[in-house]
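J.: missing the sequence, but the structure's below:
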């Protein structure tokens, strides 16, 4: 039984000698270093080195008598201490490796993502990493699926601006409804997502084709900047329509539809599936 406990303690970063000394102190304490050596089987030439290591880690306490006496941290407190240290180590490693991944990532690469779930997962990861601002151009359906991650980002102080196709009420974000939502949805026959985080990372693609949905994820500044500007451009349009709708619609039609007709490509109802050569899976 004791040998099994020693192995368990070794899994908790004890050396064999440290485990034996700790167990000896659980059996009886306080003890001098000499007594611990006798009771544990740890050689006298090693016992004080072993005990000093346990004391430094806070797993054994020592008195300032002569000779010094040692007593163990109670098992429940030891486990809590180990858990706390492990969790802190994981958090530090996560932060360090996340930073390393950004440093080491080749900023020239553009990564392809296939499938609705994979695209949504990558967008959630980008939201999780955001520290300053998130810009989204998105349909209501996908916005609701991202709500938990967006809300958490807002709670840590990230500014969130959303251009939405459809109706959306988020009390933690600035939401700007796109005036041509119905026309665009019908015209393209599908939905897309554009997410820009901290003007540094972008996920952009089609999300309404199920497993055939396609998107790109990149940190390439040559793409991040213009794709981010697409969202900012739509925010400009929203602001101008709010301030001068009557004049603009008098010139360009309701919701500026005449401008859309002027620059639209392909016949009406030229769906995303047709554009991509895929079967629609809405």
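T.: Now that the structure is in, tell me what you want to look at. Since the structure is predicted, the reported quantities are computational estimates derived from the model, not experimental observations.
J.: Endpoints of stretch 214-224, how far apart?
T.: Taking CA to CA, to the nearest Å as the measure, stretch 214-224 stretches 17 Å from start to finish.
J.: Identify each buried residue in it, please.
T.: Buried residues in stretch 214-224, counted by 16 or more other CB atoms under 10 Å: 214-220, 224. Just so you know, the C-beta spots here come from the backbone N, C-alpha and C atoms, and that holds for glycine as well.
J.: Then stretch 22-40?
T.: Using 16+ other CB under 10 Å as the test for burial, stretch 22-40 gives 22-25, 29-33, 35-37, 39-40.
J.: Also stretch 78-88?
T.: Applying 16+ other CB under 10 Å to stretch 78-88 flags 78, 82 as buried.
J.: Outside of it itself, list whatever touches it.
T.: The contact list for stretch 78-88, computed with CB atoms under 8 Å, 6 or more residues apart in numbering, reads 12-13, 58-59, 72-73.
J.: Can you tell me which of the residues you listed comes closest to residue 96?
T.: Nearest to residue 96 out of the contacts of stretch 78-88 is residue 13 (CB to CB; 19.4 Å).
J.: Contact partners for the closest one?
T.: Applying CB under 8 Å, 6+ apart to residue 13 gives the contacts residue 82.
J.: tell me the SS of it?
T.: coil (DSSP: H, G, I helix; E, B strand; the rest coil).
J.: distance of it from residue 90?
T.: Plainly put, residue 13 is 14 Å away from residue 90 if you go by CB to CB, to the nearest Å.
J.: on that earlier part again, make CSV out of the buried residues of stretch 214-224 and add pLDDT, distance to residue 232 and secondary structure.
T.: Shown next, in CSV, are those (pLDDT from 0 to 100; distance: CB to CB, whole Å; DSSP: H, G, I helix; E, B strand; the rest coil):
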residue, pLDDT, distance to residue 232, secondary structure
214, 91, 24, strand
215, 93, 20, strand
216, 93, 19, strand
217, 93, 20, strand
218, 91, 18, strand
219, 88, 18, coil
220, 88, 18, coil
224, 92, 12, helix
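J.: Would you check that residue 164 makes contact with residue 144?
T.: No: with contact defined as CB atoms under 8 Å, residue 164 does not reach residue 144; the gap is 10.3 Å.
J.: Looking only at neighbour counts, state which of these two leads.
T.: Using other CB atoms under 10 Å as the criterion, residue 164 and residue 144 rank with residue 164 on top: 21 against 14.
J.: What segments of the chain are strands?
T.: With strands called from DSSP state E, the chain shows them at 31-32, 60-62, 69-72, 110-114, 133-139, 159-165, 174-177, 192-197, 201-206, 214-218.
J.: Need these in TSV (columns: distance to residue 241).
T.: Formatted as TSV, the strands of the chain follow (distance: least, CB to CB, whole Å):
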stretch	distance to residue 241
strand 31-32	81
strand 60-62	71
strand 69-72	72
strand 110-114	33
strand 133-139	16
strand 159-165	12
strand 174-177	10
strand 192-197	20
strand 201-206	24
strand 214-218	28
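J.: Relative to residue 238, which of those strands is closest?
T.: strand 174-177 (4.7 Å).
J.: Quickly list the domain ranges of the protein.
T.: For the chain, the domain assignment from automatic domain parsing gives the residue ranges 2-73, 108-276.
J.: Give me the distance between the two termini of the shortest one.
T.: It stands for domain 2-73. The first and last residues of domain 2-73 sit 18 Å apart, counting by CA to CA.
J.: Also stretch 252-260?
T.: End-to-end distance for stretch 252-260: 9 Å, by CA to CA.
J.: Please state the mean pLDDT value computed over it.
T.: Averaging pLDDT along stretch 252-260 gives 81.
J.: Check the offset of that stretch from the chain's centre.
T.: Distance of stretch 252-260 from its chain centroid, counting by CA atoms, centre = their mean, to the nearest Å, is 40 Å.
J.: buried sites along it?
T.: By neighbour count on 16+ other CB under 10 Å, the buried set for stretch 252-260 is 255-256.
J.: mind checking which helix or strand of this protein has the lowest mean pLDDT?
T.: Lowest mean confidence among the helices and strands of the chain (mean pLDDT, DSSP states H and E): helix 272-276, at a mean of 56.
J.: mind listing what the closest residue to residue 73 other than its chain neighbours touches?
T.: Distances taken as CB to CB, 6 or more residues apart in numbering put residue 59 closest to residue 73, at 5.2 Å, once the chain neighbours are dropped. Contact analysis of residue 59 by CB under 8 Å, 6+ apart lists 18, 22, 72-73, 78, 81.
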